[in-house]
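Enquirer: generate a structure from the sequence data that follows.
(one chain, ligands or ions: 1)
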Amino acid sequence: MIFAFKIGFLEVRWIDILDILLVSVLLYQLYKLLKGSVAVRVLIGFLVLYLVYLMVRAAQMELLAGILGQFMGVGVLAAIIIFSQEIRKFLLILGKTTFRQNGILQSVMIWKRKVEKETTNITPIIEAIKSLSTTNTGALMVFSKSSELKFYVDSGDLIDAFISKRLLISIFNKYSPLHDGAVIIHQGKVRAARCILPVSERDLPAQFGMRHRAALGMSEATDSLTLIVSEETGQMSLARNGQMDSNLSIPEIRRRINAYLQETEKENKVEEPESQEPGEAA
Ligand SMILES: Nc1ncnc2c1ncn2[C@@H]1O[C@H](COP(=O)(O)OP(=O)(O)OP(=O)(O)O)[C@@H](O)[C@H]1O
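Expert: So this is what the prediction gives:
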């Protein structure tokens with residue numbers, strides 16, 4: 001057997017290095033797919049538990065290793081059930097990926113060149129919101145600063161166009177075939193329209209219908225900011241971290257979208273006291 005190097009009593013083979021690299025790539029791709037959804041927290045939970053199990057087994061703690069071992073056995077089955085949708089998408093993506101389409105070599109390399117990030121110009125968004133609000137046109141826009149929300153983008157129609165007032169107004173025009181559902185905005189582009197968002201199960205005041213429920217659900221499930229323009233009243237609301245602030249003015253909407261897109265940990269803490277529960281906002 002050809003050893004690469006030795007650390008104390010540990011003999012590391014080339015095949016071990018390849019093994020670790022492949023697992024890292026697999027985990028990274030899985031993380032990229034789940035990033036922005038609650039499933040990533042479940043995945044991290046599983047990984048932590050698995051690490052503990054490995055350490056307990058290495059330390060030969062028979063009883064705990066036995067219990068955790070049983071749990072891991074069932075855990076794999078549970079993970080398949082919990083992640084059934086994600087696993088399906090992951091396999092679909094793997095199946096669809098070809099050298100020509102996605103540059104598989106590029107995507108599997110950890111040192112892959114970072115794609116230059118587009119910044120979001122919010123002026124056309126604000127102009128569009130103003131117009132949608134004054135004409136009582138219902139709208140749902142999800143802003144995501146960290147994740148492309150692939151899972152939700154895939155539920156709608158891919159657009160991938162630079163933001164413009166005309167584009168947003170056309171999408172939400174009630175005669176447009178794209179007006180139902182949400183638009184997802186990421187890195188200066190409208191990624192998709194007609195996206196289906198997760199719906200919040202919470203008790204909400206009667207005036208909040210499905211659009212508001214979907215915005216709140218999205219804010220519970222992901223680290224995104226969702227804007228709602230009410231079709232009934234033209235009022236504008238923002239949902240973030242499971243909280244909704246209603247009846248906001250245009251300058252306030254501009255400030256909050258800007259703050260979200262440029263957010264740092266510190267700004268996050270300053271924002272918190274301003275949030276209201278949906279009930280309080282009514
Ligand atoms: N899960 C969902 N994901 C994305 N969009 C949704 C979802 N559920 C409903 N919607 C959107 O919400 C619209 C229905 O809104 P509804 O009238 O029930 O909402 P509302 O909260 O009362 O808002 P409004 O004040 O605009 O009436 C649908 O036509 C659709 O565009």
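Enquirer: I'd assumed Leu140 was in a strand, is it?
Expert: Yes: Leu140: assigned to a strand according to DSSP: H, G, I helix; E, B strand; the rest coil.
Enquirer: count the residues that sit near it.
Expert: 25 (other CB atoms under 10 Å). To be clear about C-beta, it is placed using only N, CA and C from the backbone, and glycine gets the same treatment.
Enquirer: contacts only, for Val56.
Expert: Leu64, Ala65, Leu68 (CB atoms under 8 Å, 6 or more residues apart in numbering).
Enquirer: these two touch, right, the last one and Tyr53?
Expert: Yes: the pair Leu68 and Tyr53 passes the contact test of CB atoms under 8 Å, sitting 4.2 Å apart.
Enquirer: so, low pLDDT: which residues of the protein?
Expert: Under the criterion pLDDT under 70, the flagged ranges of the chain are 1-4, 8-9, 35-38, 85-86, 88-90, 92-119, 264-282.
Enquirer: outline the domain layout of it.
Expert: 3-112, 123-271 (automatic domain parsing).
Enquirer: show me what from the stretch 101-250 of the chain comes close to the ligand.
Expert: 138, 140, 180-182, 196-197, 199, 208-212, 214, 230-232 (CB under 6 Å from any ligand atom).
Enquirer: ok, back up a step: just give me the closest of the contacts of Val56 to the ligand.
Expert: Leu68 (38.0 Å; CB to the nearest ligand atom).
Enquirer: all helices of the stretch 101-250 of the chain, in order?
Expert: 104-108, 123-134, 150-153, 165-172, 210-221, 250-261 (DSSP state H, counting those that start in this stretch).
Enquirer: which one of those lies closest to Gln187?
Expert: helix 250-261 (9.8 Å; CB to CB).
Enquirer: and that closest one with helix 123-134, angle?
Expert: Per axes from the mean of the first three to the mean of the last three CA atoms, to 10 degrees, the angle that helix 250-261 makes with helix 123-134 is 140 degrees.
Enquirer: count of residues packed around Asp16?
Expert: Neighbour number of Asp16 under other CB under 10 Å is 13.
Enquirer: shouldn't it be within a helix?
Expert: Yes: under three-state DSSP, Asp16 falls within a helix.
Enquirer: from the ligand, how far off is it?
Expert: Counting by CB to the nearest ligand atom, to the nearest Å, the gap between Asp16 and the ligand amounts to 46 Å.
Enquirer: in the helix or strand Glu11 falls within, which residues are buried?
Expert: Using DSSP states H and E, Glu11 sits in strand 10-13. For strand 10-13, the neighbour count (16 or more other CB atoms under 10 Å) marks no residue as buried.
Enquirer: likewise stretch 176-190?
Expert: Leu178, His179, Gly181, Ala182, Val183, Ile184, Ile185, His186, Lys189, Val190.
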